[in-house]
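Novice: pasting the sequence and the predicted coordinates here, then a few questions.
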Amino acid sequence: MLRIIVLVVSLGIFWILMSGFFTPFLLAAGFGSALCVAWLAHRMDVIEREGHPFHLTWAAATYWPWLVGEILKSALEVARIILDPKLPASPTVVRFKPRQKTVVGLVTHANSITLTPGTLSIEVGYDQFTVHALTREGAAATAVSEMDRRVERFEGSA
Amino acid sequence: MSLVIEALSWLLIVAGSAFCVIGGIGLLRLKGFYPRTHAASVIDSAGAGLLLAGMMLQAGWTLACVKLVVIGLLIFFTSPTATHALANAALVRGLSPDPAEESAPSKS
């Protein structure tokens, strides 16, 4: 029930922010739309821990800024490789077992790997991640990574 | 104060543009499907992100800024998903990620 209320409220706020109009008719229309969408989502049975993981909001508030820093760091690294006249790329494939247990955690980890330039998750499962990295060092850093531990903490803080 | 924000915003926009151009150069220079995907991910992670951050500073505390945040979130969630789908499709289709084999993809 709490999940549905959070969904309706966040959809309503989303409507207001996107429209920028505050006339009673449009506010009511927005609230009505939010209710309809929540009802449809409820009937589709997608408002659960996996489809609407709002319990992770605070965990995301600490994990995402760290991730942004990582993205910028590795973007600089990949940019350096691209601009280097010798093009010192050493494409490598690495396979390892992620620490995460939940689907949300695994998806967050795989998406974080792909978002970070220079590493790319190409196959994802509970037992094994297959990651393609632009350099050998990048591949080694992905297999045993701080990201793995941080995402584990991220999903565990539910 | 406004000068500082202005300068910061231009710095972010120029850096984002630079990452986009570098990503484009990488698409041309790197060889093979998977390395080229890495170049593209420089564009949609760092390039688009820095450009959006710069534009947010230009917009200030307005609804336009909120919309830029929403665009950023959309890219944040969809771009790695799309990239993964592309790479996984290539893998399933038999394009080996092993650099030694990639030069001769299996015809099927």
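Specialist: Now that the structure is in, tell me what you want to look at. Numbers count the residues shown, from 1 in each chain, chains lettered A, B, ... in the order given.
Novice: neighbours of the nearest residue to B:Ser17 once chain neighbours are set aside, how many?
Specialist: Excluding the flanking residues, the one nearest B:Ser17 by C-beta to C-beta, 6 or more residues apart in numbering or on different chains is B:Leu51, at 6.9 Å. From N, CA and C alone the C-beta is placed, and that goes for glycine too. Residues near B:Leu51, counting by other C-beta atoms under 10 Å in any protein chain shown, number 20.
Novice: how close does B:Leu51 sit to chain A?
Specialist: Computed as C-beta to the nearest C-beta, to the nearest Å, the B:Leu51 to chain A distance reads 13 Å.
Novice: residue numbers of chain B in contact with chain A?
Specialist: Contact residues, chain B versus chain A (C-beta under 8 Å from any C-beta of the partner chain): B:18-19, B:22-23, B:25-26, B:29-30, B:32, B:34-35, B:37-39, B:41-42, B:45-46, B:49, B:63, B:66-67, B:70, B:76-77, B:79-81, B:83-84, B:87-88, B:90-91, B:97-99, B:102.
Novice: list buried members of those by neighbour count.
Specialist: Among the residues of chain B next to chain A, the ones that count as buried by 16 or more other C-beta atoms under 10 Å in any protein chain shown are B:19, B:22-23, B:26, B:29-30, B:34-35, B:37-39, B:41-42, B:45-46, B:49, B:66, B:76, B:79-80, B:83-84, B:87-88, B:90-91, B:97, B:99, B:102.
Novice: top helix in chain A by residue count?
Specialist: Of all segments of type helix in chain A, defined using DSSP state H, the longest is helix A:57-83.
Novice: can you pull the buried residues of the helix or strand following that helix?
Specialist: Next in sequence after helix A:57-83, counting helices and strands by DSSP states H and E, comes strand A:92-96. For strand A:92-96, the neighbour count (16+ other C-beta under 10 Å) marks A:Thr92, A:Val93, A:Val94 as buried.
Novice: chain B next: which of these are close?
Specialist: Near chain B, judged by C-beta under 8 Å from any C-beta, the entries from the buried residues of strand A:92-96 are A:Thr92, A:Val93.
Novice: chain B: which of the buried residues of strand A:92-96 is nearest?
Specialist: Distance ranking of these against chain B, using C-beta to the nearest C-beta, places A:Val93 first at 4.7 Å.
Novice: now B:Leu8: closest residue in space, sequence neighbours ignored.
Specialist: The nearest residue in space to B:Leu8 (C-beta to C-beta, 6+ apart) is B:Leu57, at 6.0 Å.
Novice: and the strands in chain A, which stretches?
Specialist: For chain A, applying DSSP state E gives strands covering A:92-96, A:119-124, A:129-133.
Novice: quick one, what contacts the residue positioned nearest the centre of chain A?
Specialist: When chain A is reduced to its mean C-alpha position, the nearest residue by C-alpha atoms, centre = their mean turns out to be A:Thr108, at 4.4 Å. Contacts for A:Thr108 (C-beta atoms under 8 Å, 6 or more residues apart in numbering or on different chains) come out as A:Tyr63, A:Gln100, A:Val151, A:Phe154, A:Glu155.
Novice: buried subset of the residues you listed?
Specialist: Looking at the contacts of A:Thr108 with 16+ other C-beta under 10 Å, the buried ones turn out to be A:Tyr63, A:Gln100, A:Val151, A:Phe154, A:Glu155.
Novice: tell me which of the contacts of A:Thr108 fall in helices.
Specialist: Judged by DSSP H, the subset of the contacts of A:Thr108 located in helices is A:Tyr63, A:Val151, A:Phe154, A:Glu155.
Novice: since that was my last question, I'll sign off now.
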